[in-house]
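> need a 3D model of the sequence below.
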Amino acid sequence: MRLLTHQHGHPHSPVHRLPAEIKLGTGLVLITLTVLLPPGVAWLLFTAGLLALTIGLSRLSPWFLVKRLLLLAPFVLGVVVVNAFQPAYRAHWPLLLLRSGLCLLTVIVVSNTTPFSEVLRVLRRLRVPALLITTIALMHRYLFVLSEEAERMRRARASRTFTRRRSWQWPALASVAGQLFIRASERAERIYAAMCARGMK
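Here you go, the predicted structure:
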């Protein structure tokens, strides 16, 4: 659950001092060109070099970035496996894996060098609907609340389980996930009722 916490590296690094508009715009351009440009190694090497330079300047921990990439790896591997079973795209799966990895790394670097409040401010300047911005802000806020609640449930479960056998871990994890889902639904209903009571319906 600690992977959900933000790590903004060194807050006074040159990358952190850049305006959020520049970082978000550059990240969007890099992702778009990485996805749309024809297969070629030159652009991918340029993107990888630029990301390495940005990581070095921002002083983000490489191990922290690797853990974030591993957390998101199942989504990338799912896309790669689907393409690997299609004869027309089977030969391109390494390139697809590299492109997906670079796009994810770009998102991770930008999100960990830009405070979320700055991201919301840029979205407001771009005239994104206020309802969508409020939904994103609430989702971001309660993601960490649920993370802390899940961590408390995990510790409570661990304190009552006097065994290290892995066969007990999966049922316990499924039970925690189920209880967390129920608590999240109840919390969402309470928040919705509170917002309606304040005239936000």
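> only C-alpha atoms for contact and neighbour calcs from this point on.
Fine.
> residue contacts, V145?
By Cα atoms under 8 Å, 6 or more residues apart in numbering, no residues touch V145.
> got a pLDDT number for it?
Among the per-residue scores, V145 holds a pLDDT of 82.
> any idea how far it lies from R183?
From V145 across to R183, the span is 11 Å (Cα to Cα, to the nearest Å).
> ok, now V79?
Taken as Cα to Cα, the span from V79 to R183 is 32 Å.
> and for L57?
As judged by Cα to Cα, L57 and R183 stand 41 Å apart.
> swap in R157?
On the measure of Cα to Cα, R157 and R183 end up 16 Å apart.
> and for R59?
In terms of Cα to Cα, R59 sits 37 Å off from R183.
> same deal with V15?
Distance of V15 to R183, given as Cα to Cα: 39 Å.
> got it, and A150?
Noted for A150: a distance of 10 Å to R183, by Cα to Cα.
> who's more crowded, the two?
Legend: neighbour count by other Cα atoms under 10 Å for A150 and R183, higher for A150 (17 against 14).
> in the lowest-mean-pLDDT helix or strand in the chain, which residues are buried?
The helix or strand of the chain with the poorest confidence is helix 169-197; it has a mean of 79 (mean pLDDT, DSSP states H and E). If you call a residue buried by 16 or more other Cα atoms under 10 Å, then helix 169-197 has these buried ones: 176, 180, 184.
> ok, those vs E118, which is closest?
A184 (26.7 Å; Cα to Cα).
> can you pull the phi/psi pair for the residue positioned nearest the centre of the chain?
In the chain, the residue lying closest to the centroid (Cα atoms, centre = their mean) is I108, at 6.5 Å. When read as degrees, to the nearest 10, the backbone of I108 gives phi -60, psi -40.
> surely it meets F64?
No. Using Cα atoms under 8 Å as the test, I108 is too far from F64 to be in contact (10.1 Å).
> what about the strands in this protein?
Using DSSP state E, no strands are found in the chain.
> where does it dip in pLDDT?
Along the chain, the parts satisfying pLDDT under 70 run over 1-11, 39, 88-91, 161-169, 200-201.
> can you show me the helices along it?
14-17, 20-36, 41-58, 62-84, 93-113, 116-125, 130-160, 169-197 (DSSP state H).
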